[in-house]
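Visitor: next come a sequence and a model predicted from it.
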Amino acid sequence: MNKVEVCLTPELIHQFELKGKIAVVVDIFRATSCMVAGMGTGVNAIHPVAEVNECFEKGKSGRIMAGERGGIKVEGFDIGNSPFEYMCDMVKGKEIAVSTTNGTQAIVKSEGADEILIGAFLNLSAIANYLKASNKDVVIHCAGWKGTVNLEDTLFAGALIEVLLDNYQSHGDAALLASHVYQNSKHDLCAVAQTSAHAHRLASFGIEKDLTYCMQLDEFDIIPVCKNGIISLK
């Protein structure tokens, strides 16, 4: 039986063997939720980069520049890090270059995996179904917050593990921890996620509707894949 592991923060990803495995990168509040929402409503492609200057370089070719630092839109970027911005008419049919505090860092650090999938509650079932058919080990790579663990990404990891358990063996204490956190929280997942430190941090910017939307389940039946630095649909 294939294994599913959880990396709770990009600071620990060097401890995982990614070769031969599928990495599912998740940054619920809000980068991967934005990516799923955008790709599900007509964005053509997304270019995730680690640094702001890389994003500006890609913007010179006419790409929409998106992203944030510390939750605040980078000065000079076209849009920030809200899923609603990724679903607006301005970006449909366009390519987006994006750099964020946590999510794009996790994507870049997953490059050793055979495949990199972009996961969120918004496409959880689509991701799970793809993994069940893949016959490959999985590492759920949580973006966390500036190198530390966060609650909302851990909840997603636990939720995905629950759906996979008929096909996968949970491996390691991080996966066990994520499963326990999810099991104790799934009665009111959105409310629990919004008690997280990062949710409180973002709520201070008046974006509660973003946080609520990011906790919606299975809004999209899509599988965004990052290959050669570009996210497109499988």
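Guide: Looks like it arrived, so ask away.

Visitor: wait, what's in contact with residue 51?
Guide: Residue 51 makes contact with residue 99, according to C-beta atoms under 8 Å, 6 or more residues apart in numbering. All C-beta atoms are positioned from the backbone trio N, CA, C, and that covers glycine.

Visitor: check the chain for its longest helix and report it.
Guide: If you go by DSSP state H, the chain has its longest helix at helix 151-164.

Visitor: from the contact counts, what lies against it?
Guide: When contacts are defined as 3 or more C-beta pairs under 8 Å, 6 or more residues apart in numbering; DSSP states H and E, helix 151-164 sits against strand 2-7, strand 22-26, helix 124-134, strand 138-142, helix 173-183, helix 189-193, helix 197-203.

Visitor: so what touches the lowest-mean-pLDDT helix or strand in the chain?
Guide: Within the chain, no helix or strand scores below helix 197-203, which has a mean of 81 by mean pLDDT, DSSP states H and E. Surrounding helix 197-203, the residues in contact under the criterion C-beta under 8 Å, 6+ apart are 29-30, 71, 145, 150-152, 193-194, 210-211.

Visitor: repeat the analysis, applying 10 Å as the threshold.
Guide: Contacts of helix 197-203 from elsewhere in the structure, counted by C-beta atoms under 10 Å, 6 or more residues apart in numbering, are 27-30, 68, 70-72, 81, 101-102, 143-146, 148, 150-153, 190, 192-194, 196, 207-208, 210-211, 214-215.

Visitor: burial measure for residue 79, as a count.
Guide: 21 (other C-beta atoms under 10 Å).

Visitor: and residue 84, what does it touch?
Guide: 34, 37, 207, 209-210, 213.

Visitor: before we move on, what about residue 110?
Guide: With C-beta under 10 Å, 6+ apart, residue 110 has these contacts: 7, 10, 13, 16, 18, 21-25, 116-117, 139, 141, 226.
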